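Undergrad: How does the following fold in three dimensions:
(chains A and B)
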2 protein chains.
Amino acid sequence: MGECLIIGGAGMLGLRLAKALAAKGAIGGTQLDALTLFDVVEAPTIEAAIEVTTRTGDLTAPGAADALIASRPAIIYHLAAIVSGEAERDFDKGYRINLDGTRHLFEAIRQEHLRTGYCPRVVFSSSLAVFGAPLPDVIGDDQVLTPMSSYGTQKAIGELLLADYTRRGFMDGIGIRLPTICIRPGKPNAAASGFFSSILREPLVGEDAVLPVSPDVRHWFASPRAAIGFLVHAGDIAADTIGTRRNLTMPGVTATVAEEIEALRRVAGDAAVARIRHEPDAAIDAIISTWPKAFDARRALELGFTPDMSFDAILDAHIADEQIELSA
Amino acid sequence: MGECLIIGGAGMLGLRLAKALAAKGAIGGTQLDALTLFDVVEAPTIEAAIEVTTRTGDLTAPGAADALIASRPAIIYHLAAIVSGEAERDFDKGYRINLDGTRHLFEAIRQEHLRTGYCPRVVFSSSLAVFGAPLPDVIGDDQVLTPMSSYGTQKAIGELLLADYTRRGFMDGIGIRLPTICIRPGKPNAAASGFFSSILREPLVGEDAVLPVSPDVRHWFASPRAAIGFLVHAGDIAADTIGTRRNLTMPGVTATVAEEIEALRRVAGDAAVARIRHEPDAAIDAIISTWPKAFDARRALELGFTPDMSFDAILDAHIADEQIELSA
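TA: Down below sits the predicted model:
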């Protein structure tokens, strides 16, 4: 019996992961009897047969990481981060939360390891933002990380720390670079990547959406459902199968904006597509042009991480998960 | 007129760089009127037509980095580090000096930038230790960094910070991954790489040396002379020619241990070669087997970094620089 700690447990992925783990009841060979959701805001209550505790705080506050580790959770998900735009606007905050917060967590684990031999599985959510132009059209597992944002830099540093703390035997880490989540549920946000979701999410419910880039822009996607699958598999996978390289690009679906729009047309017709207004935005186009288009995520596939089958499947998953009723 | 600050100024490369810059009198378009050598130990006096100041301290002590930046040096060389073996033995010290020290320096520069617009060229010495097996026989400029030591991890993080602080406009950084220095002058040390130098350095002066690995081990080398050339060029090169990727593998000479030995035989004869005792050491062999063998350092070559011509030239440079008299 053991505890699972989710740092970032009130977020979109954290909460879905918590529900998936509560339903599954076990992870990485540990029967779960406790689930702790830590975040800067209180996580909502979830239905679960096991004890679910919500805690709020700042991972970088003195003693905060130690307090989370004191109960020695068998598995830790570290999903918390200041997002890309905010880390770019507020340099100090981004480094404090995304770099120092991660390091505090790993150090708290190491100190407990030195005292007691504690060595938990730690799953760290990294990002495609670790990659930056110039990039090949299809990126392999050996591509150098050249982030073009402070957020991407902080994630790349987190990956390096995770690999070193794991190599030294202080913890059993695995970093997974999540594809861009599509369709991201909820309201439109200010992220440069927001339109990849909003051009589908809004028209599906009869609302307008703006497309700021050319329809031939290509990118790499996973549904929320696939992303949760990656996180669960990263908790379950046997340490000795991973090897020394502990950071993996997750498999995804490569699609152009035009292909997204055709998927929308198939399920919701021309009327839905007509809700998309093309308003080219040179600033967003410049950002997106430096982003990855597609990956050969061979190592993750070999290790059993399972992507969505197609962009159509991504759309279908959204319609099912969000219980959207399409008009005939 | 301006100041050059060398952090690690009492080290083997730091002191040679100081002499080279004192003789050259200018760097990166700045006429030098002051040279500051900072290190944990006092740097020896050097002959120079300009003012040379030596300072001792710990870069991670509160205010230490700010004090070095207060005089706003036009160019800063950051060569200081806890070496590989010590960073592996003393985890906390390695992270403190190699990661926190570097970050303190960059932060002190950023704070001065925010106050006054200060934006110095910063040359950071990185290392081949950022690379780890499995590696291709010839490593390109796009190879992922997968360090297999805490030292290599700390250098890789330094590279990422340098790139981000430069991208944000806080400083004008360039990181150079130095080949293994050969022949490293001075006494034998405990570094796993020490034999690459000692099997030449010791026999050249009539002393014995031990070879712990197979003669077919291949590695990547630069003479101290070439390394100083890289550091000077990294200070001189125009920022707009470097591009967004600010960390570069330096060109070198690839050679096997057998080729090293043949170079020794050509200049010093069979008697010198007979001074090398082959005592295979499985532990050293295991470490060395994960190291890079050769690079296609195309970007650095295009940017004008100049390697040694051959392994023979490396040997000749050592004999000239160390004023070794070969017996007939």
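Undergrad: what's the nearest residue to residue A:59 if we skip its chain neighbours?
TA: Excluding the flanking residues, the one nearest residue A:59 by Cβ to Cβ, 6 or more residues apart in numbering or on different chains is residue A:101, at 4.0 Å. (C-beta placed from N, C-alpha, C; glycine too.)
Undergrad: Contact partners for the one you found?
TA: Residues in contact with residue A:101 (Cβ atoms under 8 Å, 6 or more residues apart in numbering or on different chains) are A:58, A:59, A:60, A:65, A:80.
Undergrad: now for these, which pair is the farthest apart?
TA: Farthest pair in these (Cβ to Cβ) is A:65 and A:80. Separation: 11.3 Å.
Undergrad: anything in contact with each of those two?
TA: Going by Cβ under 8 Å, 6+ apart, residues that sit against residue A:65 and also against residue A:80 are A:59, A:101.
Undergrad: I'd like to know which residues of chain A are adjacent to chain B.
TA: Within chain A, the positions near chain B by Cβ under 8 Å from any Cβ of the partner chain are A:91, A:132-133, A:141-148, A:150, A:153, A:156-157, A:160-161, A:163-164, A:167-168, A:244-245.
Undergrad: Same question for stretch A:208-226: list its buried residues.
TA: Within stretch A:208-226, the residues that count as buried by 16 or more other Cβ atoms under 10 Å in any protein chain shown are A:209-213, A:217-226.
Undergrad: Just give me the closest of those to residue B:105.
TA: Using Cβ to Cβ, these come closest to residue B:105 at residue A:220, 36.0 Å.
Undergrad: helix or strand for the closest one, which one?
TA: Secondary structure from DSSP states H and E places residue A:220 in strand A:218-222.
Undergrad: May I have the strands that pair with that strand, each with its orientation?
TA: In the sheet, strand A:218-222 lines up against strand A:180-181 (parallel), strand A:253-256 (antiparallel) (DSSP bridges).
Undergrad: Can I get those strands in TSV including mean neighbour count?
TA: Output for the strands paired with strand A:218-222, formatted as TSV (neighbours: other Cβ atoms under 10 Å in any protein chain shown):
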stretch	mean neighbour count
strand A:180-181	20
strand A:253-256	20
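Undergrad: Is residue A:76 in contact with residue A:119, as I believe?
TA: No - at 11.2 Å, residue A:76 does not count as touching residue A:119 under the criterion of Cβ atoms under 8 Å.
Undergrad: between these two, who's got more neighbours?
TA: Neighbour tally, residue A:76 and residue A:119, criterion other Cβ atoms under 10 Å in any protein chain shown: the higher count belongs to residue A:76, 26 against 18.
Undergrad: So that one belongs to a helix, correct?
TA: No - read with DSSP: H, G, I helix; E, B strand; the rest coil, residue A:76 is strand and lies in no helix.
Undergrad: got the contact list for it?
TA: Applying Cβ under 8 Å, 6+ apart to residue A:76 gives the contacts A:4, A:5, A:6, A:7, A:105, A:109, A:120, A:121, A:122, A:123.
Undergrad: likewise residue A:93?
TA: A:82, A:86, A:87.
Undergrad: how about a cut-off of 7 Å?
TA: A:82, A:86 (Cβ atoms under 7 Å, 6 or more residues apart in numbering or on different chains).
Undergrad: do the same with residue A:52
TA: A:22, A:35, A:37, A:46.
Undergrad: Quick check: bridge partners of it?
TA: residue A:35.
Undergrad: rewinding a little: any idea which of the buried residues of stretch A:208-226 is closest to chain B?
TA: Closest to chain B out of the buried residues of stretch A:208-226 is residue A:220 (17.3 Å), distances taken as Cβ to the nearest Cβ.
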